[in-house]
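[1] Structural data only, the sequence is not supplied:
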Ligand SMILES: *Cc1c(COP(=O)(O)O)cnc(C)c1O
C-alpha cells in the first residue's frame, strides 16, 4: 500500500491530494499573462506566511540553493561573518560562507540545545570596529529538533549594522516567525517542509537594508543573483524557466494555509509536538531537546539502551509502513526524528505512536502496549 505510507520525515513531507492534482496541469508560457497571474498570486501568499512586506525571491531549487543565495548576495570575499550553529544546518551555513570567501566566526552550542542570545550579544559587543557584516542563524534546527528564539537573537545584535540572515527552511509555516516585526533581513525557506509542496522551490525574503548590501556585494553569482530576479519580478517573470508544477502546487497549498490560518497551524504543530513528547516519555524513551526549546516541527527521540535508532526505523518501515528520519553525522543511529510538520493531522500522530510501541516490542524492548497512545490521546483531548 505504498500510496498510504506514513511519511513522517522533516522533509519532504506529505502533499495533499489537491496540491498533487494542481501539479498535473498543462504547462503554460512562463513569459505570458497566465504565468504573471500565478507568480503574483504565490508571491502575495508567501508574503503572508513570511509576515512581511519585503520582496520575496522564488528560486527553482532545493532549500540549500536559497542558503547559497543568502551568502553570495550579501557577503563579499574577505567579509567577517558570524554563524550561530546548533546542528547540521548551522554547519552548512558556515561551510557555504567559507567556500565563498567569508572569514567565518562560529558561535557553537551543543547539539540538542538552543543558541544563547546573551552569548551572541557579548560577541557583537566586542566588535567595536563594526567589522561583522552578517549574522547567520538557523530558525528550527532540523538535525536536533530544536527551535531558536529568533526574536531574542535578533535583539542581541541591537543596532549593530550586521545583516541578520535566517535559515527558516523547516520552521517557517510551522513555527512562529515574524519577518518584519522581528526585523529579520533575509529569511530562507523551501517548498517541501511545512508548505506541503514537493521539493523544488526555495524562497528568500530581502529587507531594504539587505538590498543596499546586495548592490555593493562583490561575490560572484549568476543563477542566484537576486538583482536579476527582482528585475524580472517587476514584469511578473523569472530570469530563467521556473518550476511550473511546483508553483501551481504552491498556489493551491497557500489556499489551504490561508483557510486554516497561520495561528491555527502553529497551534496544531505545538499540539503534535506535545502529543509526541508526552507519548515518548510514557513509553520510557529519551528526548534529545529539552521542553523549553523543543521544536513544534519534529521530535528527536533517543531509543532505549542497547537498541540502535536505525533498527527501530527499519522495523517501523518494513512492518508498519511508517517512515521516520535517522540521526545525522554524530547523531547517526543515536536518535530517530519524527517529522510532524505540514500535512499532518491528529490521528496521524496516534498511528505513529501505536506503530512505535509495536516496533519497540519487535526490537525486544518491553513496552506496555497502548501506554504512549493513551498519553497522546489525553494530550489531544485536553488541548
Ligand atoms: C531541509 C533543510 C534545509 C535544506 O533543504 P534542502 O532542500 O535539502 O536543500 C536547510 N535548512 C534546514 C533547517 C532544513 O531543515
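    Structure's in. What do you need? This is a predicted model, so every value here is computed, not measured.
[2] which residues of the stretch 51-200 of the chain score low on pLDDT?
    Across the stretch 51-200 of the chain, nothing is flagged by pLDDT under 70.
[3] which bits of it sit near the ligand?
    Taking CB under 6 Å from any ligand atom as the contact definition, the stretch 51-200 of the chain meets the ligand at 62-64, 89, 138, 142, 167, 169-170, 190, 199. In short, each C-beta sits where N, CA and C put it, glycine included.
[4] Mind picking the two most distant members of the residues you listed?
    The most widely separated members of those, counting by CB to CB, are 138 and 199 (19.0 Å).
[5] Pick out whichever of those two has more residues nearby.
    Higher neighbour count among residue 138 and residue 199: residue 138, with 33 against 17, using other CB atoms under 10 Å.
[6] Which strand residues bridge the residue in the stretch 201-350 of the chain that the ligand sits nearest to?
    Residue nearest to the ligand within the stretch 201-350 of the chain: residue 202 (6.9 Å; CB to the nearest ligand atom). Beta-bridge pairing for residue 202 (DSSP bridges): residue 59, residue 190.
[7] show me what contacts it?
    58-59, 61-66, 69, 169, 188-191 (CB atoms under 8 Å, 6 or more residues apart in numbering).
[8] can you pick the most crowded of the residues you listed?
    When neighbours are counted by other CB under 10 Å, residue 191 leads the contacts of residue 202 with 30 neighbours.
[9] Tell me where the stretch 251-383 of the chain has strands.
    Along the stretch 251-383 of the chain, counting by DSSP state E, counting those that start in this stretch, strands occupy 286-287, 298-302, 322-326, 336-339.
[10] is the ligand contacted by the last one?
    Looking back up the chat, that one is strand 336-339. No - Strand 336-339 lies out of reach of the ligand by CB under 6 Å from any ligand atom, never closer than 9.7 Å.
[11] That strand - what's its average pLDDT?
    The predicted model assigns strand 336-339 a mean pLDDT of 98.
[12] Show me how the chain divides into domains.
    Annotated domains of the chain cover 17-258, 261-382 [automatic domain parsing].
[13] can those domains go into JSON lines with extra columns for distance to residue 10?
    Shown next, in JSON lines, are the domains of the chain (distance: least, CB to CB, whole Å):
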{"stretch": "domain 17-258", "distance to residue 10": "5"}
{"stretch": "domain 261-382", "distance to residue 10": "4"}
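[14] Which among the ones you listed is found nearest to residue 7?
    Across these, residue 7 has its closest neighbour in domain 261-382 (5.2 Å, CB to CB).
[15] What is the end-to-end distance of that closest one?
    Taking CA to CA, to the nearest Å as the measure, domain 261-382 stretches 21 Å from start to finish.
[16] center of the protein, which residue is that?
    Closest to where the C-alpha atoms of the chain average out (CA atoms, centre = their mean) is residue 170, at 1.1 Å.
[17] So which of the strands of the stretch 251-383 of the chain is nearest residue 123?
    strand 298-302 (27.0 Å).
[18] Would you give the sheet partners of the closest one, along with the direction of each?
    Partners of strand 298-302 in the sheet, by DSSP bridges, are strand 286-287 (antiparallel), strand 336-339 (antiparallel).
[19] Contacts for stretch 306-325 next, please.
    Residues outside stretch 306-325 that contact it (CB under 8 Å, 6+ apart): 1, 4-10, 298, 301-303, 326-327, 332-339, 351-352, 355-356, 358-360, 362-365.
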